[in-house]
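Undergrad: Please work out how this folds:
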Amino acid sequence: MYYVKEQYRLTDSDRFLLSIFSGYLFGERESSNILLPYIEIDRSLEPELVKQNPWVESADGERFNLLRKDFFACRDENDGFFDMEKMGCYIPETFSITLYDRAIAANASLLEVNEDLLRALVLIHMLAHYVTQCPKGVLVTPFWKEETRICLALMENNGCDTKFIKMQYHVAAPEYFRKCSEGYLETIAQLLIYFALESDSEPLELFTKLSDVQSENYRRYRDFVDATLDDFGVAISLARNADYINNLWPEINPKYVVYEDIVPILKKQ
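TA: Alright, predicted model coming up:
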């Protein structure tokens, strides 16, 4: 058994998808617009989150060939072979990302897709969590907390009512996001990726092919592809605002956002 973890270095495929992602978020394809969090690549033989999966020994051989033969049947059993969290992990406590190299390689082989592009897609998925769970300021500066504190203090010293502004600046604690439903968090992330990729056929084709064999939480975004950006912004804000209200009125049973909360907002077709 061995464990190898190191800081991840972006590939050309990563920069390609990052430029598309940035183009959607900022209107121009410049990946430097996104201040990337710390990204780690886990090349361990048995990463913690994938050690129960069937590709632990190798990505070839008889067992692997049986998986290739049966993997379309697996999707109906929801056994998680192709869930994106098995290929990467966003860690809200540290705003960091881990990519699981062996799981990505195995899934690329099973799906017969480009491994480098699949790794880039997993990175974009984790960045979608990063973007939707943080305030806008986190994209352009690492010091958003201090800047926000100073800004609010100045406004309050000048007699401004900052109640509603604080709602926009508020970031739900990591433990709050962990209690929101996976259906909500994954639908939001997947929908953001779809919006960003919908005009680029090659990455969109890979995204669609992957979601075809994933569990329901990763396919629900398809119900909302006609949603407006304004509606999407409201859906993103649900968790942050609900947590803010929970903190204001702790005596009330806390509200944790679930998938059903976004259905009327995103106008399910």
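
Undergrad: This protein: strands as residue ranges?
TA: Taking DSSP state E, the strands of the chain run over residues 5-7, 39-42, 88-91, 96-100.

Undergrad: and the second one, average pLDDT?
TA: When you say that, I think you mean strand 39-42. Regarding strand 39-42, the rounded mean pLDDT is 94.

Undergrad: Please apply the same query to the longest one.
TA: For strand 96-100, mean pLDDT is 92.

Undergrad: Show me what that strand is packed against.
TA: strand 39-42, strand 88-91, helix 115-132 (3 or more CB pairs under 8 Å, 6 or more residues apart in numbering; DSSP states H and E). (Each C-beta comes from the backbone N, C-alpha and C, glycine too.)

Undergrad: Would you list the strands that it pairs with, along with their directions?
TA: strand 39-42 (parallel), strand 88-91 (antiparallel) (DSSP bridges).

Undergrad: Quick one: low-confidence residue ranges for the stretch 151-269 of the chain.
TA: Applying pLDDT under 70 to the stretch 151-269 of the chain flags the ranges 167-168, 268-269.

Undergrad: you'd agree V122 is up against I104?
TA: Yes. Look at V122 against I104 with CB atoms under 8 Å: they come within range, at 6.1 Å.

Undergrad: what do the two both touch?
TA: Residues touching both V122 and I104 (CB atoms under 8 Å, 6 or more residues apart in numbering): 87-88.

Undergrad: just the helices in the stretch 101-250 of the chain please.
TA: With DSSP state H, counting those that start in this stretch as the criterion, the stretch 101-250 of the chain has helices at 101-111, 115-132, 144-157, 163-169, 174-179, 182-197, 201-212, 229-248.

Undergrad: Can you tell me which of those is nearest to L18?
TA: helix 115-132 (7.4 Å; CB to CB).

Undergrad: average pLDDT across the closest one?
TA: Helix 115-132 shows a mean pLDDT of 93.

Undergrad: So what angle separates the directions of it and helix 182-197?
TA: Calculated by axes from the mean of the first three to the mean of the last three CA atoms, to 10 degrees, helix 115-132 forms an angle of 110 degrees with helix 182-197.

Undergrad: Please determine how far A239 is located from R178.
TA: Between A239 and R178 the computed distance is 11 Å (CB to CB, to the nearest Å).

Undergrad: The two: who's more crowded?
TA: Neighbour totals were compared for A239 and R178, and A239 leads with 24 against 13 (other CB atoms under 10 Å).

Undergrad: excluding its backbone neighbours, what's nearest that one?
TA: Excluding the flanking residues, the one nearest A239 by CB to CB, 6 or more residues apart in numbering is V257, at 4.7 Å.

Undergrad: could you list every residue that touches that neighbour?
TA: Each residue near V257 by CB under 8 Å, 6+ apart is listed here: 180-181, 184, 238-239, 242.

Undergrad: coming back round to it: mind putting the helices and strands packed on strand 96-100 in CSV, mean neighbour count and distance to N253 included?
TA: Rendered in CSV, the data for the helices and strands packed on strand 96-100 read as follows (neighbours: other CB atoms under 10 Å; distance: least, CB to CB, whole Å):
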stretch, mean neighbour count, distance to N253
strand 39-42, 19, 37
strand 88-91, 21, 27
helix 115-132, 22, 25
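
Undergrad: Please name whichever of the strands of the chain is nearest to R219.
TA: Using CB to CB, the nearest of these to R219 is strand 88-91, at 18.2 Å.

Undergrad: show me what contacts the residue nearest the centre of the chain?
TA: For the chain, the residue nearest the mean C-alpha position is H129 (3.0 Å; CA atoms, centre = their mean). H129 makes contact with 90, 92, 185, 189 under the criterion CB under 8 Å, 6+ apart.

Undergrad: ok, of those residues, which one's closest to L229?
TA: Of all the contacts of H129, L229 sits closest to A189, with 15.8 Å by CB to CB.
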